[in-house]
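S.K.: output the structure for:
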Amino acid sequence: MTLFFLRLFFVIVGGVVGYHTTFILFSTDKGMMGLGVGVVAAALIIVIEKVTKNISLRGLSSAVFGLFLGLIIAWLIRNLLDLIPTLDTNVKYISGLIVTVILCYLGIVLSMRGRDEFNIVIPYVRFSRQDQEEELLILDTSVIIDGRIADIALTKFIGGNFIIPHFVLRELQHIADSRDSLKRARGRRGLDILNKLKKIPNVQIKIHQQDFPEISEVDHKLVKLAKVLEAKLVTNDYNLNKVAAIQNISVLNINELANSLKPVVLPGEQMEVKIVREGTEYNQGVGYLDDGTMIVVDNSKHLIGRVIKVEISSVLQTTAGKMIFARMGNGVKKNRR
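M.R.: Below is the predicted model:
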């Protein structure tokens, strides 16, 4: 709506400038013709502006910058016109006026509708206290659905401003409205996690409206937004993690955090474990630690359902996680009730 009124005002100004131009250069009887020419010229410029709508910026600060830049360029052009001695004074004046109006209009519109390229032209200035750094954390769809981010935030190990991009919220809503019951449950869980995050005292949720229409992939949009805001990306998506790291974006990976917090076990340690099923190899039994780490115990297939003492023989780190191999210790076998 703001752009509509701005365009309307520009058309009116174009008509006034056209009328004023013909009044100075010719006579008053051709004023209406000049008015029409000015309106048509202004409408043509608006068409050009709408065709180039992808070249846009947002915010009042960018609009002021666009106006300022337009005035500077117009001033330079008017000075160049003054260097032409044979040019009529009225022509110089009218030309300078037309150039100023056009450049100011284009500067404001392109700035208001611009994208992150504005940050290349002039660094984004965030007004804040210099003794406090504001850390921005962008949450992707996978980490919201995962839900562990809320539990981590409750412990106060992580907090601050959580940025939820509008396109991520839209994707969550799309998943929640899916006909597939599994996808629908995942989407609704994600929305519930967002509501849970909003109630945590040390967390502030902000919905960011910035979108990148020319980018179709949500992951690429997240990387772009993280660059623009100079924010950290919170995810548990392996591929997104790698892409963001390549582009020098700080990533907080929930899966990496969970793996780093798993208890450290060393060969020779003894512990108790419940054998829950048989292993893939002959006479092996399989148990699990409280954090889900698998323990493969030799010669324990016949002890399924029992808690036994085992001695760690080796630890294997794989891409899927950590796997522990053990042998039976000298402890007494017992039933778990």
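
S.K.: from here on, contacts and neighbour counts on C-alpha atoms
M.R.: Fine.

S.K.: just checking, residue 303 touches residue 275?
M.R.: Yes: under the criterion of CA atoms under 8 Å, residue 303 makes contact with residue 275 at 6.5 Å.

S.K.: higher neighbour count, those two?
M.R.: Here residue 303 and residue 275 are set side by side on neighbour count (other CA atoms under 10 Å), and the busier one is residue 275, at 24 against 20.

S.K.: list the contacts of that one.
M.R.: Under the criterion of CA atoms under 8 Å, 6 or more residues apart in numbering, the neighbours of residue 275 are 285, 286, 287, 288, 300, 301, 303, 304, 305, 306, 307, 308.

S.K.: what about the longest strand belonging to the chain, distance to the chain center?
M.R.: Among the segments of the chain that qualify as a strand by DSSP state E, the longest is strand 306-318. Going by CA atoms, centre = their mean, to the nearest Å, the spacing between the C-alpha centre of strand 306-318 and its chain's C-alpha centre is 42 Å.

S.K.: equivalent analysis for stretch 33-51, please.
M.R.: Relative to its parent chain, stretch 33-51 has a centroid offset of 37 Å by CA atoms, centre = their mean.

S.K.: and that stretch, what's its mean pLDDT?
M.R.: Model confidence over stretch 33-51 averages 81 on the pLDDT scale.

S.K.: and what of stretch 9-23?
M.R.: When the per-residue pLDDT values of stretch 9-23 are averaged, the result is 82.

S.K.: now do stretch 243-261
M.R.: Stretch 243-261 carries an average pLDDT of 81.

S.K.: span of that stretch from start to end?
M.R.: According to CA to CA, to the nearest Å, stretch 243-261 extends 24 Å from its N-terminal end residue to its C-terminal end residue.

S.K.: which residues are in contact with that stretch?
M.R.: The set of residues external to stretch 243-261 that reach it, using CA under 8 Å, 6+ apart, is 143, 148-149, 223, 226-227, 231-237, 241, 321.

S.K.: which parts of that stretch are buried?
M.R.: 244, 249, 250, 251, 252, 253, 254, 255 (16 or more other CA atoms under 10 Å).

S.K.: same question, stretch 199-212
M.R.: By neighbour count, with 16+ other CA under 10 Å as the criterion, the buried positions of stretch 199-212 are 200, 203, 205, 208, 211, 212.

S.K.: pLDDT, secondary structure and distance to residue 160 added to those, as a markdown table?
M.R.: Supplementary listing: the buried residues of stretch 199-212 in a markdown table, determined by pLDDT from 0 to 100; DSSP: H, G, I helix; E, B strand; the rest coil; distance: CA to CA, whole Å:
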| residue | pLDDT | secondary structure | distance to residue 160 |
| --- | --- | --- | --- |
| 200 | 85 | coil | 11 |
| 203 | 81 | strand | 5 |
| 205 | 85 | strand | 9 |
| 208 | 84 | strand | 15 |
| 211 | 77 | coil | 22 |
| 212 | 79 | coil | 25 |
